[in-house]
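1. need a structure here:
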Amino acid sequence: MNITARDSAITRFTNDPDCIIFLLRLKAGGLSLNLTVASHVFFMDPWWNAVVERQAQDRIHGIGQYKPIRIVRFVIENAIEERILELQEKKKLLFEGIVRFVIENTIEERILELQEKKKLLFEGTVGCASEALEKLTDL
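-> Numbers count the residues shown, from 1 in each chain. Purely as a prediction, here's the structure:
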């Protein structure tokens, strides 16, 4: 569907009370759309990347949405959909672990850096502020 046809379909869905269903692929649902007139979303197939699904949901939860939103996800048991959802969960846990690792190590590095600076400034300067100040300016 070209951009003109897509815009026409969105306008009709937004303004025509007889148009109550708007079908689109998940990937298209996350790209430059504002579908806040919708109140129900049905995901028929999960995407490899959960971020794409969240972007599609955000198109419904946009500015101007005043209705409650209902999101339904269809998953067939013992099929590829379950495996994709497992993959999404693994990706999510991996990302959270990486973020946590970076944050914890950044904090640790900062603490060590401050401790080293403290040693440089005050080691061997018993009560002598001028020596501490001199060391500080040398940094």
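2. hey, let's count contacts and neighbours off CA atoms from now on
-> OK.
3. Can you give me the domain boundaries for this protein?
-> The chain is divided into the following domains under automatic domain parsing: 1-74, 83-139.
4. I'd like the ones you listed as TSV, with mean pLDDT and mean neighbour count appended.
-> Converted to TSV, the domains of the chain look like this (pLDDT from 0 to 100; neighbours: other Cα atoms under 10 Å):
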stretch	mean pLDDT	mean neighbour count
domain 1-74	81	14
domain 83-139	78	13
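5. starting at the chain centroid, how far to the helix or strand hosting Leu112?
-> Per DSSP states H and E, Leu112 falls inside helix 80-122. For helix 80-122, the separation from the chain centroid amounts to 16 Å (computed by Cα atoms, centre = their mean, to the nearest Å).
6. let's have the chain start at 40 instead
-> Renumbered: residue one is now 40, and that last one reads helix 119-161.
7. Can you name every helix or strand that that helix contacts?
-> If you count contacts as 3 or more Cα pairs under 8 Å, 6 or more residues apart in numbering; DSSP states H and E, helix 119-161 packs onto helix 168-177.
8. mind checking the SS state of the residue minimising distance to the centre of the chain?
-> Nearest residue to the geometric centre of the chain (Cα atoms, centre = their mean): Val90, 6.3 Å. At Val90, secondary structure determined by DSSP: H, G, I helix; E, B strand; the rest coil is helix.
9. How much space separates it from Gly103?
-> 22 Å (Cα to Cα, to the nearest Å).
10. what do you get for Asp46?
-> The value you get for Asp46 to Gly103, if Cα to Cα is used, is 18 Å.
11. and if you look at Lys130?
-> 32 Å.
12. Check Ile142 too.
-> In terms of Cα to Cα, Ile142 sits 36 Å off from Gly103.
13. can you check Arg45 too?
-> In terms of Cα to Cα, Arg45 sits 21 Å off from Gly103.
14. Please name the residues that touch Ile99.
-> Going by Cα atoms under 8 Å, 6 or more residues apart in numbering, Ile99 touches Asn73, Leu74, Thr75, Val76, Ala77, Ser78, Ile108.
15. Leaving out sequence neighbours, find the closest residue to the second one.
-> The one in question is Leu74. Ile99 (5.1 Å; Cα to Cα, 6 or more residues apart in numbering).
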